[in-house]
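# have a look; sequence and predicted model below, questions after that.
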Amino acid sequence: MARMMKAGKLISVIGDEDTCTGFLLGGIGEMNKERKPNFLVVEKDTSVSEIEETFKSFLNRPDIAVILINQNIAELIRHVIDAHTNPIPAVLEIPSKDHPYDATKDSILRRAKGMFNPDDFR
């Protein structure tokens, strides 16, 4: 008997060419019904408004559960990331080849740290 399979949620990526290529080779690349990809390769000539529009479109897509974004690119649209308070899609800032991860700049991590008391884990 044939059963309808419910489609899972996607991971999206906003990053430099190396980051996006790595995740695409890992199999995350998808197109939705409107032929919109779940990734954006940010190059030198990519405008901040294009990054911001893509991020907002990923937030509004029901098929996306996680947004991965290079931390140096996240800095360009920090005000939009800080305004996102819903748990899904989850926003994760990741390092790039040229920019190491800096936990002090990650607003999502700062928010998560504020939820827990370190004494609870002793």
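Structure's in. What do you need? Numbering: from 1, shown residues only.
# the nearest residue to residue 41 once chain neighbours are set aside sits in which helix or strand?
Counting by C-beta to C-beta, 6 or more residues apart in numbering, residue 41 lies nearest to residue 20, which is 4.7 Å off, once chain neighbours are set aside. Glycine gets a C-beta too; all of them are placed from N, C-alpha and C. In the assignment (DSSP states H and E), residue 20 maps to helix 17-25.
# buried ones in stretch 92-101, by neighbour count?
Within stretch 92-101, the residues scored as buried using 16 or more other C-beta atoms under 10 Å are 93, 94, 96.
# now swap in stretch 65-82 and tell me
For stretch 65-82, by 16+ other C-beta under 10 Å, it's 66-74, 76-77, 80-81.
# poorly predicted segments of this protein, please.
Across the chain, the ranges flagged by pLDDT under 70 are 1-7, 110-122.
# try it again at 90.
Scanning the chain for pLDDT under 90 picks out 1-10, 28-35, 82, 85, 87, 96-122.
# give the next helix or strand downstream of the longest helix anywhere in the chain.
If you go by DSSP state H, the chain has its longest helix at helix 48-60. Moving toward the C-terminus from helix 48-60, the first helix or strand encountered (DSSP H and E) is strand 64-70.
# now that next one - C-alpha only, PDB.
What follows is strand 64-70, C-alpha atoms only, in PDB (Å, rounded to 0.1, in the frame of the first residue of the first chain):
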ATOM      1  CA  ILE A  64      12.800  25.900   6.500                       C
ATOM      2  CA  ALA A  65      13.700  24.900  10.100                       C
ATOM      3  CA  VAL A  66      17.300  26.100  10.400                       C
ATOM      4  CA  ILE A  67      19.100  29.000   9.000                       C
ATOM      5  CA  LEU A  68      22.900  28.800   9.000                       C
ATOM      6  CA  ILE A  69      24.700  32.100   8.400                       C
ATOM      7  CA  ASN A  70      28.400  33.000   8.500                       C
END
